[in-house]
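>>> 3D, please:
(2 chains)
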There are 2 protein chains.
Amino acid sequence: MLTLHYLENSQSIRILWLLEELGAKEGKDYTFKRYERRKDNMLAPDDYKALSPLGTAPFITDGDLTLGETNAIMDYIMDRFDSAHLRPGVESPLRNRYLFWFHTAQGSFQPLMTDTFVFNAMKTQVPFFLKPITKAIVSRVESLFLGPRIKAMLGQIEAQLSEAKWFAGDEFTAADIVMGYTMEAAGLRGGMSKYNYPNAHRFIAAIYERDAFKRALNIDGAYDVMPGT
Amino acid sequence: MLTLHYLENSQSIRILWLLEELGAKEGKDYTFKRYERRKDNMLAPDDYKALSPLGTAPFITDGDLTLGETNAIMDYIMDRFDSAHLRPGVESPLRNRYLFWFHTAQGSFQPLMTDTFVFNAMKTQVPFFLKPITKAIVSRVESLFLGPRIKAMLGQIEAQLSEAKWFAGDEFTAADIVMGYTMEAAGLRGGMSKYNYPNAHRFIAAIYERDAFKRALNIDGAYDVMPGT
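As a prediction, the model looks like this:
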């Protein structure tokens, strides 16, 4: 049976949410195994890292198969369920926007957000006498490299969501699941304010209205996308 | 007609290579439009940035459609050609490894390499009196965050390529195209030495033996994955 090795407060939420959107039942169609982060550094615990060769979440096992990488797991699971509504096929008018946002979520948007958090950590986690110089160096990289890319990305997101309710168009798809996690992170700590990006925040609110997402939160029991923010 | 807006010495090479692997003919099945980087900062020129909302390469147009993001373009093009040999379907024994590496290339491996190059630039492009302190700060992030992830990634790559000739198994697929560009970058400047990663370098050499890759290089005319390295 498919087992979702679920790291709390991580990108793992997408896979649980996907399974619930597909109508899969926990305990019957898949096994849910939750791992808590280490208290000292908030990283994945050793038994999780031993399982996943790259040490990253999410991770699944299914018989002999072991599989990491969010979008690979998304496609693997959609291969096994009736998923045409979540993964528009070649003939669907939603296909091209679906492809763009499904791949952009992990290929561009999430890496920009990861870098944002790493750079923020660099600025705050140095000894106090190094803070001014660290801040100056990191801010220069942010303004040259990261800032313009994030601004362009958020602009394209807001434009898409002012045209349609969801990323691929008027129907909810798996692109909304992979974008969803990162959208929430961007809204909380990635510079995507509700004043400048109202449609982006309307999208985040719409996620919380979905029954499948509510069921996923309920199975998790203590979800918090960014503890401490 | 499909037009490939091709930025020299960039991830654009993958799309040109894919088209050649699919047997598409330049001038008949697709239009090739080459853009040179700015001489002052090596970034994309203004007419390229005006075309692509995120300012990133590759980018295609096809009638009314405009599309960025490498893997979205890969899937879009494979939707339009006889591509089952390059994109293993649900029934193929290559399917799961294909999904893993196709998505890992852009979701994990390329972002790690991009960060490596950004951090290297941070260390070298500051005034000389800031170099020691910048180096110390950046090195700390590298050792805590980037280094362990890169080591795990390169280890998994080497393990895969010691088991099979290509990433999805014994047959060449589109996963090799998206991994290929980043593999070469990792081999040149990303710490993937030929002494420690012999199978990775055997893979890079095998790319250069492919007729479709040779044709792509020929159409480009002046390809150099990392000028100056």
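>>> how about residue A:225, what does it touch?
A:9, A:13, A:181, A:184-185, A:188 (C-beta atoms under 8 Å, 6 or more residues apart in numbering or on different chains). From N, CA and C alone the C-beta is placed, and that goes for glycine too.
>>> tell me which element it falls in.
Residue A:225 belongs to no helix or strand when elements are defined using DSSP states H and E.
>>> still on that earlier bit, who wins for most neighbours among the contacts of residue A:225?
Highest neighbour count within these, by other C-beta atoms under 10 Å in any protein chain shown: residue A:13, with 24 neighbours.
>>> What distance do you get for it to chain B?
For residue A:13, the distance to chain B equals 16 Å [C-beta to the nearest C-beta, to the nearest Å].
>>> on that earlier part again, pick out the most distant pair among the contacts of residue A:225.
Comparing every pair within those by C-beta to C-beta identifies A:13 and A:188 as the most remote, at 14.0 Å.
>>> Could you give the average pLDDT over stretch A:176-184?
Stretch A:176-184 carries an average pLDDT of 96.
>>> Please work out how many residues are found near residue A:159.
Other residues near residue A:159 number 11, with proximity taken as other C-beta under 10 Å.
>>> Give the helix, strand or coil label for it.
Following DSSP: H, G, I helix; E, B strand; the rest coil, the label given to residue A:159 is helix.
>>> Let me know the pLDDT of it.
Per-residue pLDDT puts residue A:159 at 97.
>>> re earlier: may I see the contacts of residue A:225 organised as TSV, with secondary structure added?
What follows is these, written out as TSV (three-state DSSP):
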residue	secondary structure
A:9	coil
A:13	helix
A:181	helix
A:184	helix
A:185	helix
A:188	helix
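>>> okay, which residue is most central for chain A?
residue A:181 (3.3 Å; C-alpha atoms, centre = their mean).
>>> excluding its backbone neighbours, what's nearest that one?
Nearest residue to residue A:181, sequence neighbours excluded (C-beta to C-beta, 6 or more residues apart in numbering or on different chains): residue A:14, at 5.3 Å.
>>> what number of residues lie near the one you found?
For residue A:14, the count of nearby residues is 23 (other C-beta under 10 Å).
>>> for the residue nearest to the centre of chain A, what are its contacts?
With contact set as C-beta under 8 Å, 6+ apart, residue A:181 has these partners: A:11, A:13-14, A:225.
>>> okay, who's weakest in the residues you listed by pLDDT?
Among these, residue A:225 has the lowest pLDDT, at 76.
>>> Helices along chain A, start to end?
Along chain A, the segments classed as helices by DSSP state H run A:12-21, A:46-51, A:70-80, A:95-104, A:110-124, A:131-141, A:147-163, A:174-189, A:198-207, A:211-220.
>>> Save those as TSV, and put in distance to residue B:119 too.
Listed next are the helices of chain A as TSV, based on distance: least, C-beta to C-beta, whole Å:
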stretch	distance to residue B:119
helix A:12-21	28
helix A:46-51	23
helix A:70-80	24
helix A:95-104	24
helix A:110-124	10
helix A:131-141	9
helix A:147-163	16
helix A:174-189	21
helix A:198-207	29
helix A:211-220	34
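>>> worst average pLDDT in these?
helix A:131-141 (a mean of 83).
>>> Mind giving me the packing neighbours of that one?
helix A:110-124, helix B:110-124, helix B:131-141 (3 or more C-beta pairs under 8 Å, 6 or more residues apart in numbering or on different chains; DSSP states H and E).
>>> want to try JSON lines for those helices, with distance to residue A:75 and mean neighbour count as columns?
Converted to JSON lines, the helices and strands packed on helix A:131-141 look like this (distance: least, C-beta to C-beta, whole Å; neighbours: other C-beta atoms under 10 Å in any protein chain shown):
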{"stretch": "helix A:110-124", "distance to residue A:75": "16", "mean neighbour count": "17"}
{"stretch": "helix B:110-124", "distance to residue A:75": "18", "mean neighbour count": "18"}
{"stretch": "helix B:131-141", "distance to residue A:75": "32", "mean neighbour count": "16"}
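>>> Any chance of the ones you listed in CSV with distance to residue B:176 as columns?
Shown next, in CSV, are the helices and strands packed on helix A:131-141 (distance: least, C-beta to C-beta, whole Å):
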stretch, distance to residue B:176
helix A:110-124, 22
helix B:110-124, 14
helix B:131-141, 31
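>>> Against residue B:212, how distant is the residue nearest to residue A:57 when sequence neighbours are not counted?
The shortest distance from residue A:57 to any non-neighbouring residue, by C-beta to C-beta, 6+ apart, is to residue A:7 (3.6 Å). Using C-beta to C-beta, to the nearest Å, one obtains 40 Å as the distance from residue A:7 to residue B:212.
>>> Likewise for residue A:146?
35 Å.
>>> hmm, back to that, tell me how many other residues crowd the residue nearest to residue A:57.
Residue A:7 sits with 22 neighbouring residues when counted by other C-beta under 10 Å.
>>> Next: residue A:84.
Using other C-beta under 10 Å, the number of residues around residue A:84 comes to 10.
>>> If I look at it, what pLDDT would I see?
So residue A:84 comes in at 96 (pLDDT).
>>> Quick one: residues contacting the residue nearest to residue A:16 when sequence neighbours are not counted.
With C-beta to C-beta, 6+ apart as the criterion, residue A:16 has its nearest non-adjacent residue at 4.5 Å, and that residue is residue A:216. Each residue near residue A:216 by C-beta under 8 Å, 6+ apart is listed here: A:13, A:16-17, A:19-20, A:223.
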